[in-house]
Every structure is written in structure tokens, then in C-alpha cells.
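**Student:** sequence? don't have it. structure:
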């Protein structure tokens, strides 16, 4: 199974509460933070919720 590297690029200030909670669930706390998550449908759904705040790279 592949891995995704998710990096927060924009602030959560001014976003909806569910988007803030989604960032925390992904493990992101501040701009510039990166986490590696497994490529699963649940993670893809979380990323699509905050797609305007993060960038995603596929890591092999």
C-alpha cells in the first residue's frame, strides 16, 4: 500500500470547525507541518475536506 505525504500550507484561521478538526485528525498542527499517512479511502476523504489548506505528495 502506498503512502501519502500531507503538508499544511495555509492557516486554519477563518475555516469551519470541521475543517480544523480534520487537520488535527490528520496530525497537522501548524503551517509547514508534514505527516505521512497510508493511502486509504478515509484519509483521501479527510484530504478532500481540507484540500485548499494542504498539499499532497505520493511517497513510494
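**Tutor:** Here it is on my side, so go on. This structure is a prediction, so every number in the text was calculated from the model and none was measured. Residues are numbered from 1 along each chain as shown.

**Student:** which residues in the protein form strands?
**Tutor:** For the chain, the strands defined by DSSP state E occupy 3-8, 34-38, 54-59.

**Student:** out of those strands, which is the most enclosed?
**Tutor:** strand 3-8 (a mean of 17; mean count of other CB atoms under 10 Å). Every residue, glycine included, has its C-beta placed from N, CA and C.

**Student:** and the closest residue to residue 7 other than its chain neighbours, what's its pLDDT?
**Tutor:** In this structure, residue 7 finds its nearest non-sequential neighbour in residue 34, 4.4 Å apart by CB to CB, 6 or more residues apart in numbering. pLDDT recorded at residue 34 is 98.

**Student:** for residue 34, list the residues it contacts.
**Tutor:** Residues in contact with residue 34, defined by CB atoms under 8 Å, 6 or more residues apart in numbering, are 5-8.

**Student:** now with 7 Å, please.
**Tutor:** For residue 34, the contacting residues are 5-7, by CB atoms under 7 Å, 6 or more residues apart in numbering.

**Student:** measure it to residue 14 for me?
**Tutor:** 22 Å (CB to CB, to the nearest Å).

**Student:** how near is residue 4 to residue 33?
**Tutor:** Distance from residue 4 to residue 33, by CB to CB: 14 Å.

**Student:** do I have it right that residue 25 meets residue 46?
**Tutor:** Yes: assessed by CB atoms under 7 Å, residue 25 is found in contact with residue 46 at 6.2 Å.

**Student:** when these two are compared, which one has more neighbours?
**Tutor:** residue 46 (20 against 13; other CB atoms under 10 Å).

**Student:** from residue 31, how far out is that one?
**Tutor:** Counting by CB to CB - residue 46 and residue 31 are separated by 18 Å.
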